[in-house]
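Asks: Based on what follows, work out the 3D shape:
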Amino acid sequence: MKQLFRALAVRRKMHQTCGFTTKISNSHDSTEAHKRTNIGQEMGKFPDWIYRQSAVLPYRRRDGELEVLLITSRNGKRWVLPKGIVEPGMTPPDSAAKEAEEEAGVEGAVSENSLGRYAQKKWGGTCKIEVFPMRVTAEKAHWPEAEIRQRAWLSLESAAKRVENAKLRKILERLPGAVGKNDGRGRPRRSPARRRARLIHILRHAKSSWDDPSLADFDRPLAERGRRAGERLSEYMRMGDIEPDLVLCSSAARAKQTLEQIRPALGPEVAVKLDKRLYGAGAQALLNRLRGLPHEVSSVMLIGHNPALHSLALALAGGGDAEAHARLESKFPTGGLVTLVVQGDDWEDLTPGACALHSFVVPRELP
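Replies: All right, here's what the predicted structure looks like:
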């Protein structure tokens, strides 16, 4: 425990030097802190990382002619590129290659050189999508989204007629020049399971009820406000593809009910473990629990309680989003969700400061 507190003291001193707020308080955030919370989120209703996306433009040569692959949108009304949110801990080309496997069933060599960006209105804001050329080397007969999408190989001229976005049509026009310079030079992207970074999602239970004074603290349920917060978090997680391999959840009633609220967003393959030891566990005990995770687990979510979760998140975050870190220093309220990218390959090597803070959201910031 002393090791963790020493690391936390160093984290605080570093952020004091940078002018960040360091006080951890149980009081409500000030108006100024609330203003800081929304910096960078004016572009849409959700945190700005949700609107940063990447896409691949899959191509091949058939009888010497260049062809590109388009897929249909989820509702089948438009022809689009394989694309998605840039996932935590992944580069835009790697993240886009992952989407190509899932949405279009293709693999290949992706160039590091961007063809450009285009914008798309979505989720109450504007998504900025960066496009990378991808020379297709494998095309699968079956892929995760085969039942909801069609795919078609088209000439550049035909593809330009099918896409609606004018800037995307301009990007299509740039492909022949880019391919002439870089064809064959892109590096093949590994399978999503191998290239995905290790992630830690730390979720404090949603707001609990104090209406029944006869209940023990362990048995207190969520308040109505907490249930609404859980619904907002679930939608945010669904949009951000936050699907951990494993969820470790305190068996306290309010933690289990928080899990129930977000369960629809977690995906069908998530493993869930309820653990009574997480109720009342200190930050060092939680860190030891993470260090003992199996190597095959690439992402984990902890659902539990303060002050341990707050101390753990601050101790682990050695870099990353400075604005989010300043807000986290100030307060980790109920329903708060921290996402950390682990800077290492093995859980057993997890140490204080060994993660980058990717994002920190609280339910009141979400629509």
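Asks: can I see the domain layout of this structure?
Replies: 2-37+197-365, 48-190 (automatic domain parsing).
Asks: With mean pLDDT as extra columns, can I get these in JSON lines?
Replies: Listed next are those as JSON lines, based on pLDDT from 0 to 100:
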{"stretch": "domain 2-37+197-365", "mean pLDDT": "85"}
{"stretch": "domain 48-190", "mean pLDDT": "90"}
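Asks: Turn the ones you listed into JSON lines, including mean neighbour count.
Replies: Yep, even glycine has a C-beta here, placed from its N, CA and C like the rest. Shown next, in JSON lines, are these (neighbours: other Cβ atoms under 10 Å):
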{"stretch": "domain 2-37+197-365", "mean neighbour count": "18"}
{"stretch": "domain 48-190", "mean neighbour count": "18"}
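Asks: which stretches of the stretch 101-250 of the chain form strands?
Replies: Along the stretch 101-250 of the chain, counting by DSSP state E, counting those that start in this stretch, strands occupy 106-110, 116-122, 125-139, 151-155, 187-188, 199-204, 246-250.
Asks: what lines up beside the first one in the sheet?
Replies: Under the criterion DSSP bridges, strand 106-110 sits next to strand 125-139 (antiparallel), strand 187-188 (antiparallel) in its sheet.
Asks: just the fourth one next, same as before
Replies: With DSSP bridges as the criterion, the sheet partners recorded for strand 151-155 are strand 65-72 (antiparallel).
Asks: how far is the partner strand from where the chain is centred?
Replies: Centre-to-centre, strand 65-72 and its host chain are 28 Å apart (Cα atoms, centre = their mean, to the nearest Å).
Asks: re the thing from before, quick one: the strands paired with strand 106-110 as CSV, columns for distance to residue 249 too.
Replies: Supplementary listing: those in CSV, determined by distance: least, Cβ to Cβ, whole Å:
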stretch, distance to residue 249
strand 125-139, 31
strand 187-188, 38
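Asks: quick one: which of those strands is nearest residue 51?
Replies: For residue 51, the closest of the strands paired with strand 106-110 is strand 125-139, at 4.8 Å, according to Cβ to Cβ.
Asks: can I assume residue 84 is in contact with residue 51?
Replies: No - using Cβ atoms under 8 Å, residue 84 makes no contact with residue 51, being 11.8 Å away.
Asks: what residues are shared contacts of those two?
Replies: The contact sets of residue 84 and residue 51 do not overlap (Cβ atoms under 8 Å, 6 or more residues apart in numbering).
Asks: Now do the residue lying farthest from the centre of the chain against residue 90, distance only.
Replies: Distance from the centre of the chain peaks at residue 63, with 40.7 Å (Cα atoms, centre = their mean). As for residue 63, its distance to residue 90 is 35 Å (criterion: Cβ to Cβ, to the nearest Å).
Asks: got it, and residue 362?
Replies: 25 Å.
Asks: With residue 177 instead?
Replies: 27 Å.
Asks: Could you do residue 349 as well?
Replies: Plainly put, residue 349 is 20 Å away from residue 90 if you go by Cβ to Cβ.
Asks: just residue 179 next, same as before
Replies: Between residue 179 and residue 90 the distance, using Cβ to Cβ, works out to 24 Å.
Asks: phi, psi of residue 213?
Replies: phi -70, psi -10 (degrees, to the nearest 10).
Asks: Report the contact partners of it.
Replies: Residues near residue 213 by Cβ under 8 Å, 6+ apart: none.
Asks: just residue 269 next, same as before
Replies: 243, 245 are the contacts of residue 269 under Cβ under 8 Å, 6+ apart.
Asks: where do the helices sit along the stretch 51-200 of the chain?
Replies: Taking DSSP state H, counting those that start in this stretch to define them, one finds helices in the stretch 51-200 of the chain at 92-99, 156-162, 166-182, 192-195.
Asks: Output the third one as PDB, restricted to C-alpha atoms.
Replies: Only the C-alpha atoms of helix 166-182 are listed here, as PDB (Å, rounded to 0.1, in the frame of the first residue of the first chain):
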ATOM      1  CA  ALA A 166     -18.400  14.800 -51.900                       C
ATOM      2  CA  LYS A 167     -15.100  14.800 -49.900                       C
ATOM      3  CA  LEU A 168     -15.100  11.000 -49.900                       C
ATOM      4  CA  ARG A 169     -15.400  11.100 -53.700                       C
ATOM      5  CA  LYS A 170     -12.300  13.400 -53.800                       C
ATOM      6  CA  ILE A 171     -10.400  10.800 -51.700                       C
ATOM      7  CA  LEU A 172     -11.400   8.100 -54.100                       C
ATOM      8  CA  GLU A 173      -9.800  10.200 -56.900                       C
ATOM      9  CA  ARG A 174      -6.500  10.300 -55.000                       C
ATOM     10  CA  LEU A 175      -6.100   6.500 -54.800                       C
ATOM     11  CA  PRO A 176      -4.400   5.800 -58.100                       C
ATOM     12  CA  GLY A 177      -1.600   8.300 -57.300                       C
ATOM     13  CA  ALA A 178      -1.200   6.900 -53.800                       C
ATOM     14  CA  VAL A 179      -1.100   3.300 -55.100                       C
ATOM     15  CA  GLY A 180       1.400   4.200 -57.700                       C
ATOM     16  CA  LYS A 181       3.800   5.300 -55.000                       C
ATOM     17  CA  ASN A 182       3.100   2.900 -52.200                       C
END
